[in-house]
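[1] I would like the atomic coordinates for the input below:
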Amino acid sequence: MRIVCDSHIPFIVEAIRNAWPHVDICPLKPEEIDADAVRNADVLVARTRTKVKEALLSGSAVKLVCTATIGFDHIDAAYCKSHHIRWTSCPGCNAQAVCDYLEEALNELNACGTIGIVGVGHVGSLVAQMAERKGLKVLLNDPPKHVGVALETIAAKADIITFHTPLDASTYHLCDASFLSLCKPNALIINAARGGVVDEQALLRSGHPYIIDTWENEPDIDPAVLQHARFATMHIAGYSVQGKRNASQMCLDEIAATFGLNHIDISKSPYLAQEKGDSAPGWISRISTQLKANPTAFETLRKAYPLREE
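    I've put the predicted structure just below:
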């Protein structure tokens with residue numbers, strides 16, 4: 001049995017080598033994961049940087065794809081289904097880390113008033129609880145879950161609007177010029193969900209203050225959108241030790257269940273980082289300053305980002 005795994009995913013390679021010695025585990029950089037690399041693999045463990053589509057999977061032996069992420073728009077689900085390839089994501093794995101990011105952003109801006117939360121899943125639910133603890137008035141919007149008020153009500157009443165939806169046909173550019181025209185003039189827009197949920201060019205033209213962690217066209221982000229952001233970070237809102245451990249555990253559980261392997265528990269596995277991530281007050285501002293000073297280094301900074309402790 002052969003597993004190809006993105007080498008930036010922590011815990012998995014060491015855990016498999018210790019617990020499943022008969023399994024051939026092949027860690028590769030994202031740019032090394034191509035059709036030749038996965039041709040003889042039974043399992044692919046990837047992140048959003050790997051486009052799991054026909055060009056990658058065609059002619060391969062892959063039976064299971066695990067993405068160690070909440071988002072899964074980088075996976076061609078229709079192709080996988082038609083070729084009997086099972087795929088899974090890790091919903092909720094880093095929800096607390098993203099919520100912590102939102103709380104830090106609100107603290108750094110001394111934000112108050114009414115917050116509109118669009119998408120009330122794993123992350124949005126935690127954000128709502130956090131916002132209530134902080135004394136903000138909370139408005140929710142999640143039509144698929146039959147939760148909350150209309151999107152137009154969020155636009156009209158919220159001082160802060162944060163998006164926590166997946167990216168699909170129904171949410172692409174959910175925050176567009178039309179939506180922004182309905183918002184309060186100084187409403188703060190936050191996207192820590194998926195790049196593409198917010199139309200960044202419309203956001204830039206609108207004059208609204210905004211915070212972006214997840215971008216369209218990552219890692220080739222728009223320099224004007226970057227420079228005009230109140231805070232701009234390189235898709236690291238969910239980057240915590242606990243979040244990464246959760247994702248890796250969910251992937252290992254799926255592999256074990258699919259192939260009848262013994263369970264691996266990585267709950268106490270040490271994270272061997274050379275340094276701990278910055279979590280002192282003001283950390284989002286510091287990261288934002290670093291990214292704005294190095295606008296072409298998005299991917300380099302993201303790869304080098306030390307995981308935070310929750």
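[2] okay, and for the stretch 201-310 of the chain, where does confidence drop off?
    Residue ranges of the stretch 201-310 of the chain with pLDDT under 70: 271-275.
[3] do that again at 90, thanks
    267-278, 309-310 (pLDDT under 90).
[4] can you map out the strands along the stretch 151-300 of the chain?
    Here the stretch 151-300 of the chain has its strands, by DSSP state E, counting those that start in this stretch, at 160-163, 188-191, 210-212, 231-232.
[5] ok, how many other residues are close to Pro295?
    Look at Pro295: counted by other C-beta atoms under 10 Å, it has 14 neighbours. All C-beta spots, glycine's among them, are computed from the backbone N, C-alpha and C.
[6] do you know how far the residue lying closest to it once chain neighbours are set aside is from Thr153?
    Leaving aside its sequence neighbours, Pro295 sits nearest to Pro223 (C-beta to C-beta, 6 or more residues apart in numbering; 5.1 Å). Distance, Pro223 to Thr153, by C-beta to C-beta, to the nearest Å: 34 Å.
[7] the more surrounded of the two?
    Thr153 (14 against 11).
[8] Could you look up the SS state of the residue nearest to that one when sequence neighbours are not counted?
    In space, and not counting its chain neighbours, Thr153 is closest to Leu139: 6.7 Å by C-beta to C-beta, 6+ apart. Following DSSP: H, G, I helix; E, B strand; the rest coil, Leu139 is assigned to strand.
[9] ok, Leu139 to Ile211 distance?
    For Leu139 relative to Ile211 (C-beta to C-beta), the value is 18 Å.
[10] So which of the two has more stuff around it?
    Ile211 (25 against 22).
[11] what sits opposite the more buried one in the beta ladder?
    Ile190, Phe231 (DSSP bridges).
[12] circling back: can you tell me which residues contact the residue nearest to Thr153?
    114-117, 148-149, 153-154, 157-158 (C-beta atoms under 8 Å, 6 or more residues apart in numbering).
[13] ok, Tyr239 to Ile287 distance?
    Tyr239 is 10 Å from Ile287, by C-beta to C-beta.
[14] Could you export the longest helix seen in the chain as PDB, CA atoms only?
    Looking across the chain with DSSP state H, the single longest helix is helix 241-259. The C-alpha atoms that make up helix 241-259 are tabulated as PDB, following Å, rounded to 0.1, in the frame of the first residue of the first chain:
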ATOM      1  CA  VAL A 241      -1.200  23.200  16.400                       C
ATOM      2  CA  GLN A 242      -4.600  21.900  17.600                       C
ATOM      3  CA  GLY A 243      -6.300  22.600  14.200                       C
ATOM      4  CA  LYS A 244      -3.500  20.800  12.300                       C
ATOM      5  CA  ARG A 245      -3.500  17.900  14.700                       C
ATOM      6  CA  ASN A 246      -7.300  17.600  14.300                       C
ATOM      7  CA  ALA A 247      -7.100  17.500  10.500                       C
ATOM      8  CA  SER A 248      -4.300  14.900  10.500                       C
ATOM      9  CA  GLN A 249      -6.200  12.700  12.900                       C
ATOM     10  CA  MET A 250      -9.300  12.900  10.800                       C
ATOM     11  CA  CYS A 251      -7.300  11.900   7.700                       C
ATOM     12  CA  LEU A 252      -5.600   9.000   9.600                       C
ATOM     13  CA  ASP A 253      -9.000   7.800  10.800                       C
ATOM     14  CA  GLU A 254     -10.400   7.700   7.300                       C
ATOM     15  CA  ILE A 255      -7.400   5.800   5.900                       C
ATOM     16  CA  ALA A 256      -7.700   3.300   8.800                       C
ATOM     17  CA  ALA A 257     -11.400   2.800   8.300                       C
ATOM     18  CA  THR A 258     -11.100   2.500   4.500                       C
ATOM     19  CA  PHE A 259      -8.300   0.000   4.400                       C
END
